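Engineer: Give me a model of this one.
(2 chains)
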Amino acid sequence: MQARQMAHPENILDKLIKITIEKLGVKEDEVKANSSFVEDFGADSLDTVQMVAAIEEAFGIEIEDEKVESMVTVEKAVEVIEELLKEKA
Amino acid sequence: MVAKLQVISLCRSLLRAGRKYPDYNIREYTKRRALDGFHMNKNLTDPSKVKEVYAEGKAQLEVVERALKVYLAYPPKTKNIMELKVQ
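Structural biologist: Residues are numbered from 1 along each chain as shown, chains lettered A, B, ... in the order given. A predicted model of the protein is given here:
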């Protein structure tokens, strides 16, 4: 049951939004599906590393460097997380 | 010449290794120290200086990984209060 809940896109999005707010200091209403971490939230490479580390810890996954590069927007990040959770399950 | 991707990969490796420590204090310190180290040196432009601090970072990663083996052999018996969830 918990794994299914974790794999639910809304739960993934909620967690990701929480991480984004915490690590990048943005407001919840500023975070949209097509928001770019770098362009919209001004994240630099270190911010990105921290975000990815937080995501890995929150979801219990390991994200390879190539996949990190594709996590440009919130939507893309959710897709990658979903994919990795499915592989893990 | 050290590439940006190598630096980012080193930072990620340090954070990943640090996450494996069973002791809360060591885990948090490793994370904080790694991020502080990279923040401190993020504006370096001199290639020789970049190479030097990168090599230092790699050496520190080896220390973290080596020490981790010892800490995993002797994990703490109780959780740190900071790890306990508030009811």
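Engineer: Neighbours of A:Phe37, how many?
Structural biologist: A:Phe37: 23 surrounding residues under other C-beta atoms under 10 Å in any protein chain shown. (C-beta placed from N, C-alpha, C; glycine too.)
Engineer: Excluding chain neighbours, what is closest to B:Gly37?
Structural biologist: Distances taken as C-beta to C-beta, 6 or more residues apart in numbering or on different chains put B:Gly57 closest to B:Gly37, at 6.8 Å, once the chain neighbours are dropped.
Engineer: can you tell me which residues contact that neighbour?
Structural biologist: B:Gly57 sits next to B:Val7, B:Leu10, B:Cys11, B:Leu14, B:Gly37, B:Phe38 when contact means C-beta atoms under 8 Å, 6 or more residues apart in numbering or on different chains.
Engineer: before we move on, what about A:Val52?
Structural biologist: A:Ile63, A:Val68, A:Met71, B:Arg12.
Engineer: Make CSV from those and add neighbour count and pLDDT to it.
Structural biologist: Output for the contacts of A:Val52, formatted as CSV (neighbours: other C-beta atoms under 10 Å in any protein chain shown; pLDDT from 0 to 100):
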residue, neighbour count, pLDDT
A:Ile63, 19, 93
A:Val68, 20, 91
A:Met71, 21, 92
B:Arg12, 21, 95
